Every structure is written in structure tokens, then in C-alpha cells.
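> A structural model of the following input is requested.
(one chain, ligands or ions: 1)
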Amino acid sequence: MKVLLWITMIAATVYGVINFTRGVWVLGSLEFAYAAFSFVIYRIIDSTPRVQRWILAYLVPLLLLITYALYLPNTSDTMFSWILITPVILYLLLGSRVGKWFSIAFVTINIIVYQLRFFTGDYTSLHNAGIYNVLISSITITVFAHLYERNREKTEARLIELAGTDPLTGLPNRMKLTDDFDYVRAQADRRDSPVAVAMIDLDHFKGINDRYGHGVGDRALVHAAEIIRNGTREVDLNARLGGEEFTLVMPNASAGEGKEIVDRLRQTFLDTPMPVGNNTVTLTFSAGISEYNVDGVDLETLIMVADRRLYIAKNSGRNRVEDHG
Ligand SMILES: Nc1nc2c(ncn2[C@@H]2O[C@H](COP(=O)(O)OP(=O)(O)OP(=O)(O)O)[C@@H](O)[C@H]2O)c(=O)[nH]1
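The predicted structure follows:
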């Protein structure tokens, strides 16, 4: 955006000087004013929380200025090059959804203006063939800008998804959990409702790796993740923090209610052994629970308190859930 603002400041000043020299006072003055306005945006764009509004404040006068310049009888027909480049700028700054409508409106209006100014009425003349070129190349550039931006947005969304996902289990990872927790916390504050946080750690997992190998250990983690995913509500957040540790964030649940939910999960683990060759392996876990606003307000503290209780559960014989201590 800042590069674009630099280019705008320089271009608007140069055009302002040219138009003043040619005696096109109104357009020249508007160009100087726009160069100054771009400088103001350049100074505040890094610090403003309303970037999108300032982008619109930058674009709308730009589009009007180009349209006005194209409409004036004493401007060059090479002004059409702005019809070509503008959709690219619109897609770049506004994204594919909003950029599409701005581009369609801008290109349509300016092709009509261009046609009104330069079309001579003779459909076969070489001069008018130039107008068809402007029309077709503007549409082509708009379509390509659209396809390019859509692909870029899809790739970006996929990368964000991958960055927030544990590749083994497909559960969200710590980064995604931290992001999503902000939303849960805001909801809880608004509704004055509790949130329980559970730390879940598989028992004697090293023994599974040692006895059956890492492949089976990995399958056990996937098995555990599936039980956790299927046994929790849509509103709950679950994540694999690393190793054989999972976290569950339960909106609208106190520590006591969270304990009941995690105890039901614990029972599901016992009822769902994992097949290994001709045998089955029953996984168990120990867990600790903490509660938002009671044990802490940020995720890090809530995880720390739940972790402390998890170790109480481990030291008390494992395969149990602890919400005190
Ligand atoms: N297969 C597999 N093993 C892992 C993975 N991440 C961590 N581990 C193993 O998990 C084991 C964790 O061992 P410990 O921390 O001693 O815990 P534990 O054996 O479950 O014992 P307790 O927690 O005290 O019940 C280690 O052997 C790690 O190598 C993974 O992604 N895949």
C-alpha cells in the first residue's frame, strides 16, 4: 500500500504540473489535492486501526479522478491505460469479493465514457478498432486479476489452516487454540458464563511406543484424538499441544461440569480399546481442570493450573480427573 501511495504522490504531482502548464486548471488542482491527500494517508496508514476505510478513502477519489480526466475533452486518449491497470489495484487492495464489484463498475463506466469521447460512429475504421482493443483488454485484465486473487486467497486460507493444524491427528495446535480462545473468552465475558479448561495426558504412553513401536504409538494418538473430537460438543475447542498432551476448552461449563464431561470421555476411552494386530490396547488418561475467572484469565495461566492438577491426578494413581489442588 505504501509503495502505491508513493507512486500516487509522484504521478499526481507530475500530472498536476503538466495540466497546469497546459491550462487545464481544475484537473491540475484536483491532482495536486490528491497528491497531498495521498501524503496524509501515507503518514497514518501504519498506525490507524481503520486501514480498510482509509483504503476506500484513497480509492474512491482516485476512481472519480480517472473517470473525470477521461471525460474531459482536452485529455489524451492514452488515458485508457488507467482503465487497464485499475482492476489490478482494486483486486490487490480490496480482495476478490469487493474488488470484483468495484472493478466491474469502474471498467463498465469508463468504457462507456471512453466510447462517448472517442468513438466516431464508423464501426470499421482503424481508429475505432482501438476502442474494441480497450474493451477486450480491460475485460481480460479484470478476469485475470479476479482469477489470480481468488487463487491467492484460497492458497492463503489453506496455509493458515495448515499452520494451525497438528499434522498427525488433524486437531488444532496450540497456535490455533490460542487464537480461538480469544473468541471464547469474549463470549464468556459478554454472557458472564464460565469456561472450563482441561489438560489431558495419556497414561504410560512411552510403554506403548516401547512395546509396539512408534507407528502404533502414532495410531494411538490418532485414536485418542478421534475419541476427544467425537466426544465433545461443537462449541468446545480441542487441540493437541504436543506429545501425548491434549487440551479441551469447554464454554458454558464450570470446573465441576468440565470434570463431568472429561470423566465421560475417560469412560469412552475405557469402552473403546484400540485394535493392535489380534489384540486390543486400552488407553487411559489423567486430566486436570481449571476454570476461567476462578483460576486465571489468560489461556497460559489456565493451562498451567490445569497442568498442576493433571500431575496430582497422575500421582494419585492415573486414569482420573482432578479439578482441585
Ligand atoms: N509415537 C509417538 N510418540 C510420541 C509422540 N510425541 C511424543 N511421544 C512419546 O510420548 C512419550 C511420553 O512419555 P512420558 O512423558 O514419559 O509419559 P508417559 O509414558 O505417558 O507417562 P505418564 O505421562 O507419566 O503416564 C515419549 O516416549 C515420547 O517419545 C508422537 O508424536 N508419536
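> Going by residue numbers, what spans are strands in the stretch 201-325 of the chain?
237-242, 245-251, 274-276, 279-281, 285-291, 321-322 (DSSP state E, counting those that start in this stretch).
> for the stretch 51-200 of the chain, same thing?
Using DSSP E, counting those that start in this stretch, the strands of the stretch 51-200 of the chain run over 195-202.
> Near the ligand, which residues of it are found?
Within the stretch 51-200 of the chain, the positions lying close to the ligand (C-beta under 6 Å from any ligand atom) are Leu168. Glycine gets a C-beta too; all of them are placed from N, C-alpha and C.
> What are the buried residues along the helix or strand containing Ser38?
According to DSSP states H and E, Ser38 maps onto helix 25-44. Buried positions in helix 25-44, judged by neighbour count with 16 or more other C-beta atoms under 10 Å: Leu27, Gly28, Leu30, Glu31, Phe32, Tyr34, Ala35, Phe37, Ser38, Ile41, Tyr42.
> Where does this protein get nearest to the ligand, residue-wise?
Across the chain, the shortest distance to the ligand (C-beta to the nearest ligand atom) belongs to Gly217, at 2.6 Å.
> That residue against Gly207, yeah?
No. Counting by C-beta atoms under 8 Å, Gly207 is not a contact partner of Gly217; they are 9.7 Å apart.
> higher neighbour count, the two?
Taking other C-beta atoms under 10 Å, Gly217 and Gly207 do not tie; Gly217 has more neighbours (18 against 11).
> Pull up the gap between the closest residue in space to that one that isn't next to it in sequence and Ile200, please.
Spatial nearest neighbour of Gly217, chain neighbours left out: Asn209 (4.0 Å); criterion: C-beta to C-beta, 6 or more residues apart in numbering. The gap separating Asn209 from Ile200 is 18 Å, by C-beta to C-beta, to the nearest Å.
> Repeat that for Arg266.
Separation of Arg266 from Ile200 (C-beta to C-beta) stands at 9 Å.
> same check, this time on Gly256
Using C-beta to C-beta, Gly256 is found at 17 Å from Ile200.
> what about the helices in the stretch 201-325 of the chain?
Assigned by DSSP state H, counting those that start in this stretch, the stretch 201-325 of the chain shows helices spanning 205-212, 214-230, 255-271, 299-315.
> what's near enough to touch Asp263?
Each residue near Asp263 by C-beta atoms under 8 Å, 6 or more residues apart in numbering is listed here: Val321.
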